[in-house]
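J.: got a predicted structure plus its sequence, pasted below:
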2 protein chains.
Amino acid sequence: MISSIAELISDRIGAMPAGERRAAQTLISNYPLTGLKTVAEFSAAAGVSSPTILRFVARLGFQNYPEFQSALQDELAAQLQSPASRTLNPASPGSGGAVSPMLEATLDNMRETFRHLSEKQLADIATTLAERRGKTFLIGGRFTDPLARYMAAHLAIIQPDVYHLAGQESIWRDRLIDMGKRDVLVIFDIRRYQESLIRFAEKAHQRGVQIVLFTDQWLSPIARFARHVIAGRTAVPSAWDSSAALFVVAETLIGAVTRQLEAAGAKRIRDLESLR
Amino acid sequence: MISSIAELISDRIGAMPAGERRAAQTLISNYPLTGLKTVAEFSAAAGVSSPTILRFVARLGFQNYPEFQSALQDELAAQLQSPASRTLNPASPGSGGAVSPMLEATLDNMRETFRHLSEKQLADIATTLAERRGKTFLIGGRFTDPLARYMAAHLAIIQPDVYHLAGQESIWRDRLIDMGKRDVLVIFDIRRYQESLIRFAEKAHQRGVQIVLFTDQWLSPIARFARHVIAGRTAVPSAWDSSAALFVVAETLIGAVTRQLEAAGAKRIRDLESLR
DNA sequence: GGAGCACTGTATCGTATGTTACGTATTTTG
DNA sequence: CAAAATACGTAACATACGATACAGTGCTCC
């Protein structure tokens, strides 16, 4: 079975005329980037004419050039999104043998999640949470609401006016009345994205509330309304998605907010310390 | 110094208008593939119009869209040629920020936690949860109760009679009446260990309830009464302890229980699948 | 050695793509 | 609250891109 285009090419390169073979070799030698460029660039790189490139692509079974490029992009996407398949490192020695693939996937998810998350972004979000002039609300979906609770439990200690929105939809929907521009709403929403949350986010957005969204890599529709979006990886070899990466981001944010408030010499923090 | 376009974006994303920010977030969440597609596709993915994409690209300093795409391709080329550099921001210079140390510590915690946790232990605990003949109760402390909720949210789907004990102490204390030998109680308790939880665990133990304890490496006093103890590492460079390792163990257990029930051909699992 | 065939490049065409101008909506500022 | 400024989308435009027809070239086989 042929799974990648590279395999497909090396499979058929023998049955190709000279010009197309040059095209194939050029593509393989710089795979898959040359194939993502224009036909003209590809042909120039291979030293052949554009029609030859198109004939080459047609011989591989693609209807047209864009279809060929899409296939390459899909392949690249799969490659980039699953770094696990790329790590040929045979079982790091410190792990001491058979570690569950579940853990490995989770660790990968975290690295990937943070790779797409710069220090600056995190600092910005922390600032949003630390310097908000109004109130902070937190809410989550079916499986992620515990994360909202976890974050709320910490933030509520170092800041006043932190509220977790719990219970029935009708209950927190009515709390929209209290929300305005100076407030921050932290939402956790991974697929399948919940209608009720989306509606809630939209209305909050209309009221000028700043929204911080924790979601998965496919981005909840709420991203439309969000001021800040954190996209965590959720794929693990299990029947369920993993929220572990988002959990770690949440903890990191809690730490960052705490540090900012400390640095700002917030009175509340000093009071807290004197209480301990 | 800014070396990658991703950095450039996250550096300026704060100073962008809403539409362009959505474009930026969409690109980052699926970096860099979205940027390699056409303007129309990019704009559709981000939910904005094409001109917004072009303005976004212009704001990043590119003269036109093709130039932007070329830059992305060059970056990708460099990345593909040196796969080593793809593991996390390699000691990103000037990272006075506390993100990397925090993440590193968390990852270490997980490895350490699982190093002291054999496959067999996990399997045993999963079996305890899967083959229990009575009910499952879950409860946690001030910061760990969300973990109990998270686990309950999943288990309650694949099993009947799973209850999270919430609210005031007096409420769940009274539920002791319902508990007996065939039941399982999952407790999350890290320091400082909560008196109320310890009392509760003791009474449950006296009634013959099987206790599964999630705690930190210093072991909650509840360990005396527990049938199974999971000791997670919690130390991170932050003002707070981290529950991330325990969270991952919880997720792993959820997955293991699910698998066991599937393997046992539980009717409920089949019914669930037919519902989807 | 000549006829047939396959391969490749040049030139042209239609179209999809990036680009720009303009009007409307939204936000910011005095 | 008014007015300016900024941001955003619709629609029209020009370009560059992929596709195709056709002619030239080299090779094979009789």
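T.: Good, I have the coordinates. Because the structure is predicted, anything quoted here is derived from the model rather than measured.
J.: from here on, just use CA atoms for contacts and neighbour counts.
T.: OK.
J.: in chain A, which helix has the most residues?
T.: The single longest helix within chain A, with elements called by DSSP state H, is helix A:244-263.
J.: residues of that helix that come out buried?
T.: Under the neighbour-count criterion of 16 or more other C-alpha atoms under 10 Å in any protein chain shown, helix A:244-263 has A:244-261 buried.
J.: again with stretch A:102-119
T.: Neighbour counts over stretch A:102-119 (16+ other C-alpha under 10 Å) mark A:102-103, A:105-119 as buried.
J.: ditto for stretch A:47-64
T.: Buried positions in stretch A:47-64, judged by neighbour count with 16+ other C-alpha under 10 Å: A:48-50, A:52-57, A:60, A:62.
J.: for whatever residue of chain A ends up closest to chain B, which non-adjacent residue is closest in space?
T.: Among all residues of chain A, A:P146 sits closest to chain B, at 4.5 Å; criterion: C-alpha to the nearest C-alpha. Closest residue to A:P146 in three dimensions, ignoring its sequence neighbours and counting by C-alpha to C-alpha, 6 or more residues apart in numbering or on different chains: B:P146, at 4.5 Å.
J.: where does chain A have low pLDDT?
T.: For chain A, applying pLDDT under 70 flags the ranges A:1-2, A:81-99, A:265-266, A:273-276.
J.: got the residues of it near DNA strand D?
T.: By C-alpha under 7 Å from any atom of the strand, the residues of chain A that approach DNA strand D are A:37-40, A:50-51, A:54, A:63-66.
J.: please redo it, this time with the cut-off set to 10 Å
T.: A:18, A:35-43, A:49-55, A:57-58, A:62-69 (C-alpha under 10 Å from any atom of the strand).
J.: A:T136 against A:Q159, yeah?
T.: No - A:T136 lies out of contact with A:Q159 (C-alpha atoms under 8 Å); the separation is 9.1 Å.
J.: of the two, who's got more company?
T.: With neighbours defined as other C-alpha atoms under 10 Å in any protein chain shown, A:T136 and A:Q159 compare such that A:T136 has more, 26 against 19.
J.: backbone phi and psi for the more buried one, please?
T.: Backbone geometry at A:T136, expressed as degrees, to the nearest 10, gives phi -120, psi 130.
J.: partners of it in the sheet?
T.: A:V162, A:V184 (DSSP bridges).
J.: do the one 4 residues further on as well
T.: In this structure, A:G140 has the following beta-bridge partners (DSSP bridges): A:F188.
J.: so who does it touch?
T.: Counting by C-alpha atoms under 8 Å, 6 or more residues apart in numbering or on different chains, A:G140 touches A:146-148, A:187-189, A:197.
J.: same thing but at 10 Å, please
T.: The contact partners of A:G140, taken as C-alpha atoms under 10 Å, 6 or more residues apart in numbering or on different chains, are A:146-149, A:164-166, A:186-190, A:194, A:197, A:213-214.
J.: do A:D124 as well
T.: Contacts for A:D124 were tallied using C-alpha under 10 Å, 6+ apart; they are A:118, A:130, A:228, B:13-14.
J.: what about burial for these, which qualify?
T.: Looks like the contacts of A:D124 have A:118, A:130, A:228, B:13 buried, using 16+ other C-alpha under 10 Å.
J.: pull the most distant pair out of the residues you listed.
T.: Greatest spacing in the buried ones among the contacts of A:D124, by C-alpha to C-alpha: A:A130 and B:I13 (19.0 Å).
J.: and chain B, is stretch A:202-213 touching that?
T.: No - Stretch A:202-213 stays clear of chain B (C-alpha under 10 Å from any C-alpha of the partner chain), getting no nearer than 11.4 Å.
J.: end to end, how far does that stretch reach?
T.: Taking C-alpha to C-alpha, to the nearest Å, the first and last residues of stretch A:202-213 lie 12 Å apart.
J.: could you check how far that stretch is from the centre of its chain?
T.: Between the mean C-alpha location of stretch A:202-213 and the chain-wide mean there is a distance of 21 Å, by C-alpha atoms, centre = their mean, to the nearest Å.
J.: and that stretch, what's buried?
T.: The neighbour-count check on stretch A:202-213 (16+ other C-alpha under 10 Å) flags A:202-205, A:207-213 as buried.
J.: just flag the most distant two among these.
T.: Using C-alpha to C-alpha, the buried residues of stretch A:202-213 span at most 16.5 Å, a distance reached by A:R207 and A:L213.
J.: how about the helices in the stretch 1-150 of chain A?
T.: Remark: helices assigned in the stretch 1-150 of chain A by DSSP state H, counting those that start in this stretch are A:5-12, A:18-29, A:33-36, A:39-46, A:50-59, A:65-81, A:101-115, A:119-130, A:145-158.
J.: which stretch among these comes nearest B:R270?
T.: Among those, the nearest to B:R270 by C-alpha to C-alpha is helix A:101-115 (23.5 Å).
J.: just checking, what packs against that closest one?
T.: Secondary-structure packing of helix A:101-115 (3 or more C-alpha pairs under 10 Å, 6 or more residues apart in numbering or on different chains; DSSP states H and E): helix A:65-81, strand A:228-232, helix A:244-263, helix B:99-115, helix B:244-263.
J.: same list (these) but as a markdown table, adding distance to DNA strand C.
T.: Supplementary listing: these in a markdown table, determined by distance: least, C-alpha to the nearest atom of the strand, whole Å:
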| stretch | distance to DNA strand C |
| --- | --- |
| helix A:65-81 | 7 |
| strand A:228-232 | 15 |
| helix A:244-263 | 24 |
| helix B:99-115 | 30 |
| helix B:244-263 | 37 |
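J.: looking at these, which is nearest to B:R182?
T.: Nearest to B:R182 among the helices and strands packed on helix A:101-115 is helix B:244-263; the distance by C-alpha to C-alpha comes to 17.2 Å.
J.: for the closest one, what is the distance to the chain centroid?
T.: 12 Å.
J.: circling back to that earlier point, which one of the buried ones among the contacts of A:D124 is nearest A:A235?
T.: A:S118 (21.3 Å).
J.: wait, that closest one touches B:S10, no?
T.: Yes - the pair A:S118 / B:S10 is scored as a contact, 6.6 Å apart, by C-alpha atoms under 10 Å.
J.: any common contacting residues for these two?
T.: Counting by C-alpha under 10 Å, 6+ apart, A:S118 and B:S10 have no shared contacts at all.
J.: coming back round to it: what is the most widely separated pair among the contacts of A:D124?
T.: Pairwise distances across the contacts of A:D124 (C-alpha to C-alpha) peak at 19.0 Å, for the pair A:A130 and B:I13.
J.: tell me how many other residues surround the residue in the stretch 151-276 of chain A positioned nearest to DNA strand D.
T.: Residue of the stretch 151-276 of chain A nearest DNA strand D, by C-alpha to the nearest atom of the strand: A:R224 (10.0 Å). A:R224 has 25 neighbours, counted by other C-alpha under 10 Å.
J.: is it correct that it is in contact with A:E202?
T.: Yes - the pair A:R224 / A:E202 is scored as a contact, 8.7 Å apart, by C-alpha under 10 Å.
J.: A:P66: how many residues sit nearby?
T.: For A:P66, the neighbour count with other C-alpha under 10 Å is 14.
J.: show me the contacts for it.
T.: Neighbour list for A:P66: A:36, A:38-39, A:57, A:72 [criterion: C-alpha under 10 Å, 6+ apart].
J.: how about the residues you listed in CSV, adding distance to chain B?
T.: Converted to CSV, those look like this (distance: C-alpha to the nearest C-alpha, whole Å):
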residue, distance to chain B
A:L36, 8
A:T38, 10
A:V39, 14
A:V57, 19
A:L72, 11
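J.: which pair of these spans the longest distance?
T.: Using C-alpha to C-alpha, the contacts of A:P66 reach their maximum pairwise distance at A:V39 and A:L72, which is 14.2 Å.
J.: for ChimeraX, what selects the buried ones among the contacts of A:G140?
T.: To isolate the buried members of those in ChimeraX, using 16+ other C-alpha under 10 Å:
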select /A:146,147,148,149,164,165,186,187,188,189,190,194,197,213,214
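J.: many thanks, we can stop here.
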